[in-house]
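J.: Need coordinates for the following:
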Amino acid sequence: MCSLLENGILLDISEQAPSPSKDYINMRVTLKDIQWRTWKISPQCLKPDVLVTPNEAIFPLEDLVHDLDLQSEIKRIFGKNTLEYVKNLCEGKYNFLDRLKKSLQIYIISFLELEDVAKLSQVNRHFHELCECDQLWEHIVDRCCDTVTPDMKLYAQEVGYKQMFFTNKLQLQMQMRRRKQECDA
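T.: Numbering: from 1, shown residues only. A predicted model of the protein is given here:
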């Protein structure tokens, strides 16, 4: 798992500050520190001869616990969930699952029971997107269905593997017959 942290970057996130500010903020959390960059955006910045450079501050990870101003800024700009995530990173609590490639995450999820996939999809937006993606349902169809004919694969590519998976056998046969008749006509 250490290879997942080779570049040393645990989180790299950017956001525009909430209104009325137009400032742009970048926060990078590494194994050693939190790098905070701010680009001040103003009407003068739009002039061609004006160079906008970021202000940069670097804080050791240990300082986040005591620096209520930094915590407040993280919460204001990136939200409460991001603040909690950054606090966990500072305490050495890394979420290695988030750092895996999407295809590997999907492959792992494909071995869950359907009830567990449904529950996982409710955890957060990232897992919801993974649990709804066609790649996952293609793995599930291949694993759970006895035979998947080429016609079924074509049909699944049209309507989606999840839709095909939850269609009962009689409806599936009827829909595939209709599709074949339409293609033949």
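
J.: Ramachandran angles for residue 22?
T.: phi -110, psi 10 (degrees, to the nearest 10).

J.: Revised request: answer the last question for residue 78.
T.: phi -100, psi -10.

J.: Domain map for this protein?
T.: 2-96, 102-184 (automatic domain parsing).

J.: Please produce CSV containing these, extended by mean neighbour count and mean pLDDT.
T.: No exception for glycine: its C-beta is placed from N, CA and C like everyone else's. Output for the domains of the chain, formatted as CSV (neighbours: other CB atoms under 10 Å; pLDDT from 0 to 100):
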stretch, mean neighbour count, mean pLDDT
domain 2-96, 14, 85
domain 102-184, 14, 84
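
J.: Point me to the helix or strand that includes the residue most central in space within the chain.
T.: In the chain, the residue lying closest to the centroid (CA atoms, centre = their mean) is residue 126, at 3.8 Å. Applying DSSP states H and E as the criterion places residue 126 in helix 125-132.

J.: Tell me how far residue 165 lies from residue 119.
T.: 17 Å (CB to CB, to the nearest Å).

J.: Beyond the helix or strand where residue 97 lies, next helix or strand please.
T.: Element membership for residue 97, per DSSP H and E: helix 96-99. With elements assigned by DSSP H and E, the helix or strand that comes after helix 96-99 is helix 102-109.
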